[in-house]
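Asks: Quick one, fold the following:
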Amino acid sequence: VFHQVFTTGDSTISTLNTRSMESVFHIYPDAHLRLYHNQNRTMSRSHKRLGPLLDAYPGIELVPYDPRDVLRTALEASAGRPHAVDPELAGDFLDRIADLALEKYWFSNEANLLRLCLLYTDGGTYMDTDVVVVRPFPADMDDAASGGAKGRSIHNAVLRFREPGSVFISAAINNFLENYDGLTWGNNGPSVFRRTASAHPELVCRGDGQHNLTRAEGTVAGGAGGRPDCWLTIWPAEVFAPVGWRDWEDACAVPGESPVGRDADRLARDSIAVHMNNQMTGPLLRDTGFVSGSLCDKLLNDYCVVCS
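Replies: Presented below is the predicted three-dimensional model:
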């Protein structure tokens, strides 16, 4: 099961968004992709970009949501479990959500909230709508995120929690609610994972991909089914985010002048999924276009099926 969230409905669906959806089916023809959209935003089955994909892939499901209901469901599902979602924090957030929805960055923060709650209640793989899957996820890649290039951050554009009920995710929901700041970009996204990992190092699995994140010995109650008592494995940045956001323009507009741009074949080959950072690549695609053979060109054209 794959999850993607469109907080703004179909009014902003781009070529990159449709290629992101298609890449899932390029790798997993029988996948189940849930496209969540705010119930107050239109997601039409006849949309010029979305319609052909819905016709081609019966595994795509359109799911309307109310963010309040999504949070309440996670709260109920966590009751009595380790690091249960705090009822007081959740209640306060629910009381404020109508005002928060007026904030400038709410479209992003709503997606940040949903990715946590959906992974907690349903499990599966969450992908931002500007992520392209380039090869199958390893069979042992459970409870996974990707670290920052210098080990000081944790990306949340791709998150894989095969089973619901992750103790790390419920702790992250509490961190999101307790430290919510709608005026600071990123505070309620990647920073939630960094703060949670730092506050609860016992929940983070040991591994080479964890770079400089603080860790502690010990286990946490709740591991089951023979799995280790840790709840998040941090893979190297190259797995999901091989290109820094500052490097996308050179990589795709002037690849011959960019070390990253000249390395397009290896980056596409060695990554599992690539976060294309729509803030950088979106305007570039719209205003300039991508150089043929560049990494952006490859990602948009080599992993689609309908290619609408």
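
Asks: What segments of the stretch 101-250 of the chain are strands?
Replies: Along the stretch 101-250 of the chain, counting by DSSP state E, counting those that start in this stretch, strands occupy 124-127, 131-133, 144-147, 154-161, 233-235.

Asks: Could you tell me the least trusted of those strands?
Replies: Per-stretch mean pLDDT for the strands of the stretch 101-250 of the chain is lowest at strand 144-147 (a mean of 85).

Asks: ok, the closest residue to residue 164 other than its chain neighbours - how many residues close by?
Replies: Using Cβ to Cβ, 6 or more residues apart in numbering and skipping residues adjacent in sequence, the residue nearest residue 164 is residue 123, 4.1 Å away. Every C-beta, even on glycine, is put in place using the N, C-alpha and C of the backbone. A count of nearby residues for residue 123, using other Cβ atoms under 10 Å, gives 20.

Asks: got it, and residue 242?
Replies: Applying other Cβ under 10 Å, we find 25 residues neighbouring residue 242.

Asks: And residue 128, how far from residue 80?
Replies: For residue 128, the distance to residue 80 (Cβ to Cβ, to the nearest Å) stands at 32 Å.

Asks: of these two, who's got more company?
Replies: Taking neighbours as other Cβ under 10 Å, residue 128 and residue 80 compare with residue 128 leading, 23 against 5.

Asks: Quick check, the more buried one in contact with residue 275.
Replies: Yes. At 6.4 Å, residue 128 counts as touching residue 275 under the criterion of Cβ atoms under 8 Å.

Asks: Mutual contacts of those two, please.
Replies: Counting by Cβ atoms under 8 Å, 6 or more residues apart in numbering, the contacts common to residue 128 and residue 275 are 157, 158.

Asks: which ones are touching the residue nearest to residue 164?
Replies: By Cβ under 8 Å, 6+ apart, the contact set of residue 123 is 1, 161, 162, 163, 164, 165, 166.

Asks: per-residue confidence averaged over the lengthiest helix in the chain?
Replies: Taking DSSP state H as the criterion, the chain has its longest helix at helix 106-122. Averaging pLDDT along helix 106-122 yields 97.

Asks: Summarise which helices and strands that helix is packed against.
Replies: If contacts are counted by 3 or more Cβ pairs under 8 Å, 6 or more residues apart in numbering; DSSP states H and E, helix 106-122 sits against strand 2-6, strand 33-38, helix 67-78, strand 124-127, strand 154-161, helix 167-178.

Asks: lowest-confidence stretch among those?
Replies: Among those, strand 154-161 scores lowest, at a mean of 93.

Asks: Strand partners (parallel or antiparallel) of that strand?
Replies: According to DSSP bridges, strand 154-161 has the following sheet partners: strand 124-127 (antiparallel), strand 144-147 (antiparallel).

Asks: Can you show me the helices along this structure?
Replies: Using DSSP H, the helices found in the chain span residues 15-27, 50-56, 67-78, 87-100, 106-122, 167-178, 190-199, 248-253, 259-262, 264-270, 278-287, 295-301.

Asks: Check these for me and report the most buried one.
Replies: Highest mean neighbour count of these: helix 167-178, a mean of 25 (counted as mean count of other Cβ atoms under 10 Å).

Asks: now it and helix 106-122, what's the angle there?
Replies: Per axes from the mean of the first three to the mean of the last three Cα atoms, to 10 degrees, the angle that helix 167-178 makes with helix 106-122 is 150 degrees.

Asks: So what's the gap between stretch 299-308 and the chain middle?
Replies: How far stretch 299-308 lies from its chain's middle: 20 Å, per Cα atoms, centre = their mean, to the nearest Å.

Asks: Understood, closing this out.
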